[in-house]
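Visitor: Compute the structure for the input listed below.
(one chain, ligands or ions: 2)
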Amino acid sequence: MGGDSSKPAQTLSKPWRDINWEDKRGELQFLKNYKPQTEGQQLRILLYGPVGAGKSSFINSVQSVLHDRMYVQALADNISHDSFTKKYTTYKIQKDRPNTFYPFVFNDIMGLDPHKGVLVEDVKLALKGHVKDGYTFNPDTQITENDPFYNRSPTSNDKVQVLVLVICADTLHCLSDTIVKELQEIRAAASDLEIPQVTILTKIDQACPEIKKDIRKVYKLKYMKEKMEKLSAEIGIPMNCIFPVKNYHEEISLNSDTDSLILNAMRQIITWGEDHIRFKQSQSARSDTA
Ligand SMILES: Nc1nc2c(ncn2[C@@H]2O[C@H](COP(=O)(O)OP(=O)(O)OP(=O)(O)O)[C@@H](O)[C@H]2O)c(=O)[nH]1
Ligand SMILES: [Mg+2]
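Guide: Ligands and ions are numbered 1, 2, ... in the order given. Prediction:
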């Protein structure tokens, strides 16, 4: 993905995207109040991306923001070289009252890796709702129809409504051609299914010391904008679908600016997921009356 030539310190006179840093409550309320238009519909968010990109950490970060405390339900790891997450796991987020959950769920998946990662075919099957919760991915062979974890007749709640690519800012320049090809293949499969796609650019603190010091600089640093433009060009992701975040990973208390970026990304994920639910419903209503 080419090297980085610009210096991290170059700052734009104005941020190129607006974030309301002073008031994250509106964004938090949006997420807390979200209800799909159809009763009983669940918004399923599938995370995929290279090994160690921060998929599990992103789920934990969203849970932390919603619970207003540090949360580590999805196990994240900093030493394994192959994917730490092996099982297909659905994460539901509990609301304040017992046995009530937010109407969106996350699916965490094994990371992509040229040798030991999840197979592209398995991700495609997960998009269509064919993979049941608890399936352990096999990097050598894809799930078969005879597997007890293969769902032969997925309902709309089993299907994925938003596909989220999680990728780290600090290793963008060394993505292998194989991974880039796999990412493009998964994106194409999701596009065929008309599933909206969002990209979360993680570890912005690690990629840029300026951001580590002050996260509010994220949309002012030329270096970060160029990174996003490079990602957009290489993988074919529109710029307005890319959201830089810093996951909670070492801290023990929340930070309002970190929350703001996570909530900003979640608003888009939910909004486009809801659009997809409505689109699919109008499609099936049309086919029922035809
Ligand atoms: N500095 C920094 N570290 C992060 C961030 N997000 C995740 N990490 C760290 O990166 C490592 C990998 O994170 P995971 O969440 O396990 O990544 P994953 O994509 O789930 O990885 P696999 O399940 O192995 O594919 C962990 O040590 C995290 O603490 C971030 O935004 N900034
Ligand atoms: Mg993981």
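Visitor: Only C-alpha atoms from now on, for both contacts and neighbour counts.
Guide: Will do.
Visitor: Please identify the helix or strand for the residue of the stretch 151-290 of the chain found nearest ligand 2.
Guide: In the stretch 151-290 of the chain, the residue that lies nearest ligand 2 is residue 166 (10.5 Å; C-alpha to the ion). Assessed by DSSP states H and E, residue 166 sits inside strand 162-168.
Visitor: Give the buried residues for that strand.
Guide: 162, 163, 164, 165, 166, 167, 168 (16 or more other C-alpha atoms under 10 Å).
Visitor: got the contact list for the second one?
Guide: In other words, residue 163. Residue 163 sits next to 45, 46, 47, 48, 127, 190, 195, 196, 197, 198 when contact means C-alpha atoms under 8 Å, 6 or more residues apart in numbering.
Visitor: Count the neighbours of residue 27 for me.
Guide: Using other C-alpha atoms under 10 Å, residue 27 has 20 other residues around it.
Visitor: let me fix that: residue 131
Guide: With other C-alpha under 10 Å as criterion, residue 131 counts 28.
Visitor: Equivalent analysis for residue 240, please.
Guide: Using other C-alpha under 10 Å, residue 240 is surrounded by 12 other residues.
Visitor: do you know how far it is from residue 225?
Guide: As judged by C-alpha to C-alpha, to the nearest Å, residue 240 and residue 225 stand 12 Å apart.
Visitor: And for residue 135?
Guide: Plainly put, residue 135 is 38 Å away from residue 225 if you go by C-alpha to C-alpha.
Visitor: Quick check: end-to-end length of stretch 213-233?
Guide: 28 Å.
Visitor: So for the helix-or-strand element of the chain with minimal mean pLDDT, what gets flagged as buried?
Guide: None of the helices or strands of the chain scores lower by mean pLDDT, DSSP states H and E than helix 256-289, at a mean of 90. Judged by neighbour count (16+ other C-alpha under 10 Å), helix 256-289 contains these buried residues: 257-270, 272-277, 280.
Visitor: what sits against the most centrally placed residue in the chain?
Guide: With distances taken as C-alpha atoms, centre = their mean, the residue of the chain nearest its centroid is residue 164 (3.5 Å). Residue 164 makes contact with 45, 46, 47, 48, 197, 198, 199, 200, according to C-alpha under 8 Å, 6+ apart.
Visitor: List just the nearest of these to ligand 1.
Guide: Proximity to ligand 1 was ranked across the contacts of residue 164 by C-alpha to the nearest ligand atom; first place goes to residue 48, at 7.7 Å.
Visitor: quick one: the spatially closest residue to the closest one that is not a sequence neighbour from residue 152, how far?
Guide: Distances taken as C-alpha to C-alpha, 6 or more residues apart in numbering put residue 165 closest to residue 48, at 5.2 Å, once the chain neighbours are dropped. Residue 165 sits at a distance of 26 Å from residue 152 (criterion: C-alpha to C-alpha).
Visitor: what residues does the stretch 151-290 of the chain put near ligand 2?
Guide: For the stretch 151-290 of the chain, no residue is in contact with ligand 2 (C-alpha under 5 Å from the ion).
Visitor: What parts of the stretch 151-290 of the chain come near ligand 1?
Guide: Remark: the part of the stretch 151-290 of the chain in contact with ligand 1 comprises 202, 203, 205, 206, 246, 247, 249, using C-alpha under 6 Å from any ligand atom.
Visitor: Try it again at 5 Å.
Guide: Within the stretch 151-290 of the chain, the positions near ligand 1 by C-alpha under 5 Å from any ligand atom are 202, 203, 206, 246, 247, 249.
Visitor: residues near the fourth one, how many?
Guide: Each residue near residue 246 was counted by other C-alpha under 10 Å, and the total is 26.
Visitor: That one reaches residue 208, doesn't it?
Guide: No: the pair residue 246 / residue 208 is not scored as a contact, 11.1 Å apart, by C-alpha atoms under 8 Å.
Visitor: Am I right that residue 47 sits in a strand?
Guide: Yes: judged by DSSP: H, G, I helix; E, B strand; the rest coil, residue 47 forms part of a strand.
Visitor: Report pLDDT for the nearest residue to it once chain neighbours are set aside.
Guide: For residue 47, ignoring the flanking residues on the chain, the nearest one in space by C-alpha to C-alpha, 6+ apart is residue 164 at 4.8 Å. The score at residue 164 is 98. That number is its pLDDT.
Visitor: hang on, isn't residue 123 packed against residue 188?
Guide: No: contact criterion C-alpha under 8 Å: residue 123 and residue 188 do not qualify, at 11.8 Å.
Visitor: So between these two, which is more surrounded?
Guide: Set side by side, residue 123 and residue 188 show more neighbours around residue 123, with 24 against 14, by other C-alpha under 10 Å.
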